[in-house]
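Asks: quick one, fold the following:
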Amino acid sequence: MPVWLGIDLGTSGVRACLIDRDGEVLAESRTALPPSATPAPGAAEQRPERWWQAVLDAVDGLPPALLAELAAIAVDGTSGTLLLCDRDGEPTSPALMYNDRRATAEAERLAAIAPPQAVVQAPTSALAHLLWLLGQGHRGAHALHQADWIAFRLGAPLGTSDEHNALKLGYDPQARRWPDWLGETGVPTRLLPRVVPVGTPIGRLTPALRDRWGCRRAVTLVAGTTDSNAATLASGIREIGEASTALGSTLVLKILSPRPVFAPEYGVYSHRLGDRWLAGGASNAGGAVLRRFFDDARLAELSARIDPGRDSGLDYYPLPAPGERFPHNDPRLAPRLSPRPDDDAAFLHGLLEGIARIEREGYRRLHELGAPWPTRVASTGGGARNPVWTAIRRRLLGVPMAAAAQAEAACGSARIAAGLVIPA
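Replies: Purely as a prediction, here's the structure:
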């Protein structure tokens with residue numbers, strides 16, 4: 001029985017997931033990574049060699065009998081993380097992590113050059129990171145994202161990337177090429193990777209790794225994605241109109257759309273998946289606000305006292321601090337958390353309902369911009385485990401709610417490897 005492997009490189013560790021042809025998880029493994037180095041204010045650096053060792057350790061931790069049946073592998077990595085390497089794939093720079101914010105001057109330059117819909121104007125973008133590395137005197141033959149470099153170590157051709165990771169390096173997913181305006185940035189075009197669609201076979205696992213893991217057949221390497229998209233795809237959404245809401249510290253909405261949606265003023269952009277698009281945005285509201293007031297035990301206790309079919313009568317906009325971008329672009333928008341009832345259950349009712357309204361407004365915003373209205377919503381994150389909150393969200397959105405098929409990004413990458421993400 002063939003199995004498929006997804007490898008997820010996150011901030012704090014590497015996860016590996018094996019699935020069968022139906023997407024059922026067969027085994028998982030995890031290896032921790034050391035914290036990012038911070039040699040200067042705003043810095044976040046990691047050593048790529050540590051990623052590779054963690055990948056080996058994570059895969060080594062999977063059952064040998066299953067690895068023997070391995071058919072294909074896909075890798076996801078943190079979006080915006082970038083390094084330079086030489087012609088042999090050896091790193092010639094530190095890896096700037098997705099949250100390294102030192103490239104502020106480079107981001108300002110890009111804002112004056114790139115069109116508004118290009119997702120490169122933030123100091124955390126891969127293109128801003130590349131300009132910063134070049135400005136610091138680092139040189140190389142290839143600029144690679146985290147997932148690109150790991151795929152190379154597994155056996156993919158050096159200098160190959162996917163359409164999702166390449167988006168923040170300036171790649172145009174609609175035209176499916178590097179845009180002409182990149183010439184104005186001064187980045188040598190020879191550094192830019194060859195970009196292929198997500199799910200494209202790009203190589204074979206090296207003989208040494210086949211032997212290490214006891215694989216009985218040639219193992220295909222498949223172009224992967226970013227970690228956030230992999231987590232979305234793990235939820236099981238596959239058809240136009242299916243959406244995923246991540247109820248974590250923040251509120252992240254994504255929906256499969258027949259057309260791209262770009263609205264930089266709201267932080268909305270789209271990743272291409274075959275002939276469809278994964279469009280989305282993120283609110284600053286979310287579980288971080290709930291954590292300010294209640295722990296898990298108290299949340300469960302109070303939720304049991306809430307009638308989800310009844311309106312709370314409270315008009316909250318639960319932000320952790322002033323400022324919002326999606327679904328409203330207002331850097332001065334103040335949190336609205338009053339009046340506070342004496343009853344904590346009533347207060348929690350208002351908070352859960354407030355975040356659910358923001359979710360509804362977010363899908364309305366995406367719909368106004370050209371995405372379909374959700375046909376169903378798969379939920380991930382800690383909030384997805386609260387049935388009362390799910391019932392409130394179902395009432396306000398008016399669409400079916402379902403628990404996500406899986407929550408781990410590695411499982412989403414495994415689904416890409418197995419061809420379960422893009423319909424034939």
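Asks: every contact and neighbour count from this point should use C-alpha atoms.
Replies: Fine.
Asks: okay, and the helix or strand of the chain with the least pLDDT?
Replies: With mean pLDDT, DSSP states H and E as the measure, the helix or strand of the chain carrying the lowest mean pLDDT is strand 401-403 (a mean of 87).
Asks: check which element follows that strand along the chain.
Replies: Helices and strands here follow DSSP states H and E; after strand 401-403, the next one along the chain is helix 409-417.
Asks: pLDDT on that next one, on average?
Replies: The predicted model assigns helix 409-417 a mean pLDDT of 97.
Asks: cool, stretch 319-331 as well?
Replies: Per-region confidence: stretch 319-331 scores 93 on mean pLDDT.
Asks: isn't Leu273 right up against Gly419?
Replies: No - shown here, Leu273 and Gly419 do not form a contact pair, counting by Cα atoms under 8 Å, at 11.7 Å.
Asks: which of these two has more neighbours?
Replies: Per other Cα atoms under 10 Å, whichever of Leu273 and Gly419 has more neighbours is Leu273, with 21 against 18.
Asks: residue contacts, the more buried one?
Replies: With contacts taken as Cα atoms under 8 Å, 6 or more residues apart in numbering, Leu273 has the following neighbours: 197-198, 422.
Asks: okay, those in CSV with distance to Ala334 and pLDDT next?
Replies: Putting the contacts of Leu273 into CSV (distance: Cα to Cα, whole Å; pLDDT from 0 to 100) gives the following:
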residue, distance to Ala334, pLDDT
Pro197, 41, 97
Val198, 39, 98
Ile422, 41, 80
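Asks: could you measure Ala71 against Ala414, distance?
Replies: Ala71 is 11 Å from Ala414, where distance means Cα to Cα, to the nearest Å.
Asks: now the common contact residues for those two.
Replies: Going by Cα under 8 Å, 6+ apart, residues that sit against Ala71 and also against Ala414 are Trp4.
Asks: between these two, tell me which one has more neighbours.
Replies: Between Ala71 and Ala414, counted using other Cα under 10 Å, the more crowded position is Ala414 (35 against 21).
Asks: grab the nearest non-local neighbour of the more buried one.
Replies: Gly6 (3.7 Å; Cα to Cα, 6 or more residues apart in numbering).
Asks: next structured bit after the one helix or strand the one you found maps to?
Replies: Here Gly6 is covered by strand 3-9, with elements defined by DSSP H and E. Under the assignment DSSP H and E, the closest C-terminal helix or strand after strand 3-9 is strand 13-19.
Asks: the helix or strand just after that next one pairs with which strands?
Replies: Using DSSP H and E, the next helix or strand after strand 13-19 towards the C-terminus is strand 25-32. Here the strand partners of strand 25-32, with direction, are listed using DSSP bridges: strand 13-19 (antiparallel).
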